[in-house]
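J.: got a structure for you, letters missing:
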């Protein structure tokens with residue numbers, strides 16, 4: 001067993017294919033555990049290992065803890081992770097920890113990646129949306145289509161749900177601005193005064209400020225609310241469970257998880273090979289998407305699903321073209337302002 005694999009194991013990672021002979025080449029991928037890790041292992045890690053001879057060693061860790069550990073690794077010069085999981089704002093906030101991605105050299109990413117999939121500091125892994133999800137039995141023949149309808153309590157009466165998750169304080173103000181008539185392409189920089197004036201209108205109709213994905217599924221399933229802003233993956237899972245729900249994608253906030261490579265990673269070329277394999281492994285995408293409930297940014301993978309099923313994912317062309325494209329630079333630079341304004345408003 002290599003020194004790096006031993007150290008990773010001591011840190012708490014469950015080693016992929018631990019009973020197999022050690023390969024000469026390896027990469028360590030830091031990502032959340034559970035369903036995400038298990039599905040990546042099945043659909044991506046093992047196929048990549050078989051195709052390339054490079055072993056993938058998964059390290060199960062939540063994103064905030066990952067960054068704390070990565071910062072320590074970079075400071076000490078003892079980097080163990082090759083690939084880390086990043087949000088859009090992380091690509092800005094943590095840019096000094098990340099290697100530049102040579103997008104032009106990744107042939108599968110160029111061939112199959114959706115617009116914007118490859119950025120200077122990360123390549124899209126999963127894409128969903130903070131989407132308006134509504135009960136299809138609540139409004140007769142009427143169908144809410146966008147955030148203006150979420151605010152329209154006359155034509156679409158009933159209690160609503162909005163997130164208070166503590167990590168994406170731009171989602172709800174952005175929806176308020178869309179409801180107030182701002183074009184999605186003109187959202188940033190967010191006009192917070194205008195947004196919170198609009199939020200004052202809907203506040204009496206918010207029955208639940210939900211905190212977790214499990215909670216938003218529950219309030220939709222139990223009909224505590226007639227509509228809510230929800231993670232698209234959670235909405236999809238609840239729909240598949242038989243709940244009478246549908247998603248309105250117009251103005252949904254694009255929410256992408258990225259694969260990034262740490263500066264001074266032990267095996268950056270192996271990491272790039274894996275990322276490019278991820279996009280070219282079209283057979284792995286349908287099973288991955290169906291299990292985790294989020295789309296990849298590979299057009300080839302999406303095309304392998306039946307079209308009616310494609311429509312349930314953020315990257316279906318008709319959905320993708322109406323998503324809000326976040327200005328991560330502005331969001332990253334204004335995280336403290338966004339958080340302070342949000343918590344002050346909720347406390348009123």
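T.: Arrived safely, thanks for sending. For clarity, every value in this text was computed on a predicted model and none was experimentally measured. Numbering: from 1, shown residues only.
J.: Do you know the pLDDT at the residue lying closest to residue 165 once chain neighbours are set aside?
T.: Take residue 165 and drop its neighbours on the chain: the residue closest to it by CB to CB, 6 or more residues apart in numbering is residue 211, 6.3 Å away. Using the backbone N, CA and C atoms, a C-beta is placed for each residue, glycine as well. As predicted, residue 211 sits at a pLDDT of 93.
J.: Got the phi and psi for residue 211?
T.: phi -110, psi -30 (degrees, to the nearest 10).
J.: For it, give me its contacts.
T.: Contact partners of residue 211, counting by CB atoms under 8 Å, 6 or more residues apart in numbering, are 163-166.
J.: Ok, residue 287 next?
T.: Counted by CB under 8 Å, 6+ apart, residue 287 has contacts 39, 42-43.
J.: what comes up buried for the host helix or strand of it?
T.: For residue 287, the enclosing helix or strand under DSSP states H and E is helix 284-292. For helix 284-292, the neighbour count (16 or more other CB atoms under 10 Å) marks 284-286, 288-290, 292 as buried.
J.: excluding its backbone neighbours, what's nearest residue 83?
T.: Spatial nearest neighbour of residue 83, excluding adjacent residues (CB to CB, 6+ apart): residue 29 at 4.5 Å.
J.: My guess is the one you found contacts residue 58. True?
T.: Yes - applying CB atoms under 8 Å, one finds residue 29 in contact with residue 58, separated by 5.4 Å.
J.: Which residues are in contact with each of the two?
T.: 40, 45.
J.: Of the contacts of residue 211, which belong to strands?
T.: Per DSSP state E, strands hold the following members of the contacts of residue 211: residue 163.
J.: Restrict the contacts of residue 211 to the buried ones and give me that as a ChimeraX selection.
T.: A single ChimeraX command selects the buried members of the contacts of residue 211 (16+ other CB under 10 Å):
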select :163,165
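J.: And the contacts of residue 211, which is closest to residue 97?
T.: Residue 97 lies nearest to residue 166 out of those, by CB to CB, at 22.5 Å.
J.: Mean pLDDT per helix and strand in the protein: which one sits at the bottom?
T.: Every helix and strand of the chain was ranked by mean pLDDT, DSSP states H and E. The lowest is helix 3-11, at a mean of 46.
J.: Many thanks, have a good one.
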